[in-house]
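Undergrad: Fold the following.
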Amino acid sequence: MKAAELRAKSESDLKSELIDLLRAQFSLRMQVATQQLAKVDQIGKVRRDIARVRTILAQKARQA
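TA: So this is what the prediction gives:
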């Protein structure tokens, strides 16, 4: 997910995207705990996506 794609979305879309990413992060953490996750790098990707979404939300809040 790129920042340019996120900037094109509305604030409500970004919030729903953030919720989805947080759920995905929780699911990945549970898979790690039960040793079912094969691709551990997915955790880092989801964390970076969460940070991107939160950054874009903060930028939009400052502009308003």
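Undergrad: how many neighbours does L18 have?
TA: 17 (other C-beta atoms under 10 Å). Using the backbone N, CA and C atoms, a C-beta is placed for each residue, glycine as well.
Undergrad: Skipping adjacent residues, who's closest to it in space?
TA: Excluding its sequence neighbours, the residue lying closest to L18 (C-beta to C-beta, 6 or more residues apart in numbering) is V53, at 4.7 Å.
Undergrad: Assess the claim that that neighbour and I19 are in contact.
TA: No - the pair V53 / I19 is not scored as a contact, 9.7 Å apart, by C-beta atoms under 8 Å.
Undergrad: more neighbours, those two?
TA: Ranked by neighbour count (other C-beta under 10 Å), V53 and I19 place V53 first, with 24 against 11.
Undergrad: if we can go back for a sec, contact partners for the residue nearest to L18?
TA: Contacts for V53 (C-beta atoms under 8 Å, 6 or more residues apart in numbering) come out as 6, 14, 17-18, 21.
Undergrad: In helices, which of these fall?
TA: 6, 14, 17-18, 21 (DSSP state H).
Undergrad: Check which helix or strand the residue nearest to L18 maps to.
TA: In this assignment (DSSP states H and E), V53 forms part of helix 41-63.
Undergrad: Alpha carbons of that helix, in CSV - could you do that?
TA: What follows is helix 41-63 as a C-alpha-only set of coordinates in CSV (Å, rounded to 0.1, in the frame of the first residue of the first chain):
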residue,chain,number,x,y,z
ASP,A,41,7.8,-10.7,7.4
GLN,A,42,4.0,-10.1,7.0
ILE,A,43,4.0,-8.7,10.6
GLY,A,44,6.5,-5.9,9.6
LYS,A,45,4.5,-5.0,6.5
VAL,A,46,1.3,-4.7,8.4
ARG,A,47,3.0,-2.5,11.0
ARG,A,48,4.3,-0.2,8.4
ASP,A,49,0.9,0.0,6.7
ILE,A,50,-0.7,0.9,10.1
ALA,A,51,1.9,3.6,10.5
ARG,A,52,1.2,5.0,7.0
VAL,A,53,-2.5,5.1,7.6
ARG,A,54,-2.1,6.8,11.0
THR,A,55,0.4,9.4,9.5
ILE,A,56,-2.1,10.2,6.7
LEU,A,57,-4.9,10.6,9.2
ALA,A,58,-2.8,12.9,11.3
GLN,A,59,-1.9,15.0,8.2
LYS,A,60,-5.6,15.3,7.2
ALA,A,61,-6.5,16.3,10.8
ARG,A,62,-3.9,19.1,10.8
GLN,A,63,-5.1,20.4,7.4
